[in-house]
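> Here is my input, please return the structure:
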Amino acid sequence: MYHYMDMEGNEINLVVSTKIVDVIIGEMLFRPEDELDVVDDDDLASISDRNRNIKKLHRSALQLFKLDENKDGYTVSIKKVMHFKLAIQHVSCALSFRQVATTIEQTKNTCKITKLDDLNDTIVGQYMRILVDHTLQIISNILASDDVWAFVISFDGSQHRDTMFFDVRIRVSMNGVLHNLHLITMPHFDCHTAANQEAMLVKLLGALFVGWTHKLIGIMTDEEKTNMGHVNGVQVHMVWCVEFKVVQIWCALHQLDLVIHMAVNKVDGGFWLKTAYTWSMYLCKESNLITEMGEM
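From the prediction side, this is the model:
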């Protein structure tokens, strides 16, 4: 991300589109129930109190984003660059927002660095929202570029602490180079139906790049029936949204579950399945070995 930011100045100024901030950050990633967990129950005596607190929390979450006069984008100004740098680096080490704030506070006290004053977990969370927005803006600019005529989307879901998270990746060729970009890990709060997941993806892509239906040519996912169902799967729903024919891709082993789940073990006396599985495990171990050794 540093490649796309001026990290050397005394202030960082970023511009993000209105849809990315309002739709993705302000709606899709903002869950009132989670925000209200930190509010004193005495402040939620009635529905009107609850709604008032939700609006207040929503404004607080987006307070660093300033709407331009012509209302075609938001400007973000980060005046404490050192705060921002350290917050990003500490979160990348898997520290929680609260741990990041505590660690930087201890660094300030030990090293007598007054620039590190006034950082808390709320501000760290706001910095992460800015980073998410800026990442999405960069990918939006890439997809809108005339050099990019098509892209492929890949997604998969996983449960964590009773919340479904949808991991979305974009594969795109630009200037002759194929890029595999992590777009976002989106929490999914609705029922995990194909229709709801499809609606979430359509909303996400629409906020990211309005012309996505003209450029999407491939969809990749796993064998989970909600994703891969040939009648009402997420893939099928997504195909209906786009203008051109779409290549639907999933790995060979996952394809087995769609048609010949019960019979595949009888193919060639089980030899085909055993061979496919062996090769899959071998390639996985080979990749891990290369990583461990640091060489081919």
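> shouldn't residue 267 be in contact with residue 274?
No: between residue 267 and residue 274 there is no contact under C-beta atoms under 8 Å: 10.2 Å. For the C-beta atoms, the positions are set from N, CA and C on the backbone; glycine is no exception.
> Would you mind pulling up the elements that the helix or strand containing residue 57 packs against?
Assigned by DSSP states H and E, residue 57 falls within helix 47-61. Taking 3 or more C-beta pairs under 8 Å, 6 or more residues apart in numbering; DSSP states H and E as contact, the helices and strands that helix 47-61 lies on are helix 32-36, helix 121-144.
> For residue 206, which three-state class applies?
helix (DSSP: H, G, I helix; E, B strand; the rest coil).
> so residue 103 sits right up against residue 97, yeah?
No: with contact defined as C-beta under 8 Å, residue 103 and residue 97 do not form a contacting pair (10.8 Å).
> The two - which one has more neighbours?
In terms of neighbours (other C-beta atoms under 10 Å), residue 97 is the more surrounded of residue 103 and residue 97; the figures are 19 against 16.
> what about the residue nearest to residue 172 when sequence neighbours are not counted, neighbour count?
Computed as C-beta to C-beta, 6 or more residues apart in numbering, the closest residue to residue 172 that is not its neighbour in sequence is residue 151, at 4.2 Å. Neighbours of residue 151 under the rule other C-beta under 10 Å: 22.
> Return the residues in contact with residue 151.
143, 170-172, 212, 215-218 (C-beta atoms under 8 Å, 6 or more residues apart in numbering).
> hmm, back to that, please compute how far the following helix or strand past the helix holding residue 57 lies from its chain's middle.
Per DSSP H and E, the first helix or strand lying C-terminal to helix 47-61 is strand 65-67. Centre-to-centre, strand 65-67 and its host chain are 22 Å apart (C-alpha atoms, centre = their mean, to the nearest Å).
> in terms of contact, does residue 101 touch residue 121 like I think?
Yes: if you go by C-beta under 8 Å, residue 101 and residue 121 touch, sitting 4.8 Å apart.
> So which of the two has more stuff around it?
Each of residue 101 and residue 121 has its neighbours counted (other C-beta under 10 Å); residue 101 has more, 21 against 15.
> relative to helix 121-144, how tilted is whichever strand or helix holds that one?
Using DSSP H and E, residue 101 sits within helix 97-111. If you take axes from the mean of the first three to the mean of the last three C-alpha atoms, to 10 degrees, helix 97-111 sits at 110 degrees to helix 121-144.
> who touches helix 97-111?
83, 86-87, 90-91, 95, 113-114, 116-117, 119-125, 128.
> Need phi/psi at residue 146.
With angles defined as degrees, to the nearest 10, residue 146 sits at phi -70, psi -20.
> count of neighbours near it?
Residues near residue 146, counting by other C-beta under 10 Å, number 5.
> circling back to that earlier point, which of the contacts of residue 151 lies closest to residue 29?
Of all those, residue 29 sits closest to residue 170, with 17.8 Å by C-beta to C-beta.
> Just give the nearest non-adjacent residue to residue 100, would you?
residue 90 (4.2 Å).
> That neighbour: what secondary structure?
Under three-state DSSP, residue 90 comes out as helix.
> so what's it up against?
Per C-beta under 8 Å, 6+ apart, neighbours of residue 90: 99-100, 103-104.
> Present those residues as JSON lines; the columns should include pLDDT.
Below are the contacts of residue 90 laid out as JSON lines (pLDDT from 0 to 100):
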{"residue": "99", "pLDDT": "92"}
{"residue": "100", "pLDDT": "90"}
{"residue": "103", "pLDDT": "91"}
{"residue": "104", "pLDDT": "89"}
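> Mind checking which of those residues are buried?
Neighbour-count burial (16 or more other C-beta atoms under 10 Å) is assigned, among these, to 100, 103-104.
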